[in-house]
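Asks: coords please:
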Amino acid sequence: MSDEPAPAPPFLTAQWRWLAMLNYACDPALLRPLVPAGTELDAWEGVTYASVVGFMFLDTRVLGIPIPFHRDFEELNLRFYVRRRGPEGWRRGVVFVKEIVPRFTIAAVARVVYNENYVALPMRHRVHLSARTGGSLEYGWRFGGRWCAVRADVRGPAGPLVEGSEPEFITEHYWGYARQRDGGTVEYRVEHPRWNVWRAESASLDCDVAALYGRGFGECLAGPPRSALVADGSNVVVRRGRRIHGGGG
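Replies: Numbers count the residues shown, from 1 in each chain. The predicted structure follows:
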């Protein structure tokens, strides 16, 4: 018999659609102080990545209930990659440095439930994309008195993930880890099918990164990304979190 408890009940269901993923090689020394207890930094072929990801949340439901005026909205996050050994083997997960959404209530709930670093800022999007022909997309947020943006352009049809590839490493993470105020860690599972992806022909991040994320990330995210992807997305289930590390010394 496995020591793994039964799956936690769903906390949130939604669609995550049209994900623009700009991926940057970062010095592990920048990320190590942010690694939650009980996890370790993960890398692909020796490269430690941080990703800026913009996408649409659609048909969002919390505990099965649609919240009026909070079902469809943009999100922009900065994340990096960790892993933890579970009963079934390595669990590959993400840690969020900061997440931006357009509504205060969404940010407040995420901070309370998971202690994730959500902030509410005005946001907008422009998506002209077909799974067969490609196109362009842009996610914008207002910060520092101006509109900032993540943009990507793709061409042709989206394709399936290739086993062992960089796009698979970036997209195939099914766990989230959130450091708690007492030093503990909450682990939560994210469920979705494998996505189809494009490699972006061009991609850009236009904002004052140091002001938004801190000086270290200002250096890490300077210049063009090492790679950029767009994923078509799917329905997702985010399950309730569980403590894997108690914290408090």
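
Asks: what helices or strands is the strand or helix carrying V197 leaning on?
Replies: Per DSSP states H and E, V197 falls inside strand 196-199. Here strand 196-199 touches strand 146-155, strand 159-160, helix 166-171, strand 227-239, going by 3 or more Cβ pairs under 8 Å, 6 or more residues apart in numbering; DSSP states H and E. Where you see a C-beta, it was placed from the backbone N, CA and C, and this is true even at glycine.

Asks: Sheet partners, orientation included, of the second one?
Replies: Paired neighbours of strand 159-160 in the sheet (DSSP bridges): strand 196-199 (antiparallel).

Asks: The next helix or strand after the partner strand to strand 146-155, inter-axis angle?
Replies: Using DSSP H and E, the helix or strand that follows strand 196-199 in sequence is strand 202-206. Interaxial angle, strand 202-206 versus strand 146-155 (axes from the mean of the first three to the mean of the last three Cα atoms, to 10 degrees): 170 degrees.

Asks: By mean pLDDT, flag the weakest helix or strand of this structure.
Replies: Lowest on mean pLDDT, DSSP states H and E among the helices and strands of the chain sits strand 65-66, with a mean of 62.

Asks: After that strand, which helix or strand is next? Please name it.
Replies: Counting by DSSP H and E, what follows strand 65-66 is strand 73-86.

Asks: Of all the residues in that next one, which ones are buried?
Replies: F73, E74, E75, L76, N77, L78, R79, F80, Y81, V82, R83, R84 (16 or more other Cβ atoms under 10 Å).

Asks: any idea of the mean pLDDT in stretch 43-62?
Replies: On average, the pLDDT along stretch 43-62 is 95.

Asks: What lies in contact with stretch 142-150?
Replies: The contact list for stretch 142-150, computed with Cβ atoms under 8 Å, 6 or more residues apart in numbering, reads 20, 22, 52, 54, 76, 121-124, 138-141, 203-208, 211-212.

Asks: Surely L30 forms part of a helix?
Replies: Yes: under DSSP: H, G, I helix; E, B strand; the rest coil, L30 falls within a helix.

Asks: State the pLDDT value of the residue lying closest to R132 once chain neighbours are set aside.
Replies: Distance criterion Cβ to Cβ, 6 or more residues apart in numbering; nearest residue to R132, sequence neighbours excluded, is P157 at 5.1 Å. On pLDDT, P157 comes in at 96.
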